[in-house]
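Novice: return a 3D structure for these sequence lines:
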Amino acid sequence: MQALLVVFAMTLIVFMAISFMGNPVDIMISPDADQADRAKAIAALGLDLPVWQQYLRFLGGAIQGEFGRSFVFNEPAIGLILSRMPATLELAVTATLLSIVIGLPLGLYAGLRPDTALAKILMGGSILGFSLPSFLIGLFLIAVFAVELQWLPSTGRGQTAPLFGIQWSFLTADGLRHLMLPALNLALYNIALIMRLTRAGVAETMQAEYIRFARAKGLTTRRIVFVHVLKSILIPIVTVIGMEFGITIALSVVTETVFAWPGMGKLMIDSIGVLDRPVIVAYLMISVLIFVLINFLVDIFYTVIDPRADLGAAE
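Specialist: The predicted structure is shown next:
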């Protein structure tokens, strides 16, 4: 019920915000067009109705999975978004996997050996992951690996191969080469976040009484870390990974624009440029649904990690 209320509230917020962005007719119609042509175009797009009527029409269509037709492409907006979704999901999943594979081990090392020079370098370097904007990092990666070293391509998705009727880049060598730079650029912030979160969790957990008791029983450091410590810090890490995955999808617009990656984010930027309202609203609503779904799945996954978690508790 909370998820449904959140989605309903976001439909109102998103639609009203988009409605006051500007008049798409000013971009789509020639400045030399007379008032009759403008009025005809406005009526054809349904923009002659009061905003509340436009919202009710939008809400009725959204309940049926319809978000209107694109003003520019004259195609269903939801179809345009879904056609670009595989590219964005592929990029976001790859970036999330990179953040886990890189950030978690480095955070464990920094937490277990906090006084070593490497741990201090890692923690200092993680600050750059938070501080530098993603577009600047993306341009730096292109300048180094694509322009200077010429190891990896800088734009596009490369060759794709079908799987379950959908084209994917990771199934081809050329597609993987095109995927590496944008995925790494998108993952750097999450790598720094997971690294610091893991390091803090390990440092706190290693001082707990049950860890000292496990050491007194003669358990090996490997068993203590991977059975007791990692299990204790897993819930906050899973929460962050889940939330950051949704954020990664929603905020992939910058990376997709820098690397000309043909995903939902690139379509969103192009649609904003021409005030293609149905596409913008469809993208934002799909992003909201992804956030709500991820939050729901993370809550359910809590009980898998820790069966003592009571999701239905009053407190």
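Novice: can you name every helix or strand that the helix or strand where V292 lies contacts?
Specialist: Using DSSP states H and E, the element containing V292 is helix 277-305. Counting contacts by 3 or more C-beta pairs under 8 Å, 6 or more residues apart in numbering; DSSP states H and E, helix 277-305 packs against helix 2-19, helix 77-112, helix 230-250, helix 264-273. Using the backbone N, CA and C atoms, a C-beta is placed for each residue, glycine as well.
Novice: out of these, nearest to L49?
Specialist: Nearest to L49, of all the helices and strands packed on helix 277-305, is helix 2-19, at 10.9 Å by C-beta to C-beta.
Novice: quick one: buried residues of that closest one?
Specialist: Using 16 or more other C-beta atoms under 10 Å as the test for burial, helix 2-19 gives M10, T11, V14, F15, I18.
Novice: low pLDDT regions in this structure?
Specialist: For the chain, the stretches with pLDDT under 70 are 21-34, 37-38, 41-42, 44-48, 302-315.
Novice: now what about stretch 133-144, what contacts it?
Specialist: Applying C-beta atoms under 8 Å, 6 or more residues apart in numbering, the contact partners of stretch 133-144 are 154, 181-182, 184-186, 188-189, 254-255, 257-259.
Novice: stretch 233-244 too?
Specialist: For stretch 233-244, contacts defined as C-beta under 8 Å, 6+ apart pick out 96, 99-100, 104, 190, 193-194, 197-198, 201-202, 205, 294-295, 297-298, 301-302, 305-306, 309.
Novice: please enumerate the strands of the stretch 51-200 of the chain.
Specialist: Remark: strands assigned in the stretch 51-200 of the chain by DSSP state E, counting those that start in this stretch are 161-163, 166-168.
Novice: show me what the first one pairs with in its sheet, parallel or antiparallel.
Specialist: Using DSSP bridges, the strands paired with strand 161-163 are strand 166-168 (antiparallel).
Novice: need the CA coordinates for the helix or strand hosting F213. PDB is fine.
Specialist: Here F213, judged by DSSP H and E, is contained in helix 209-216. Extracted C-alpha coordinates of helix 209-216, given in PDB (Å, rounded to 0.1, in the frame of the first residue of the first chain):
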ATOM      1  CA  GLU A 209      32.300  -9.200  22.000                       C
ATOM      2  CA  TYR A 210      31.200 -12.100  19.900                       C
ATOM      3  CA  ILE A 211      34.200 -11.600  17.600                       C
ATOM      4  CA  ARG A 212      36.500 -11.700  20.500                       C
ATOM      5  CA  PHE A 213      34.800 -14.800  21.700                       C
ATOM      6  CA  ALA A 214      35.200 -16.400  18.300                       C
ATOM      7  CA  ARG A 215      38.900 -15.600  18.400                       C
ATOM      8  CA  ALA A 216      39.200 -17.100  21.900                       C
END
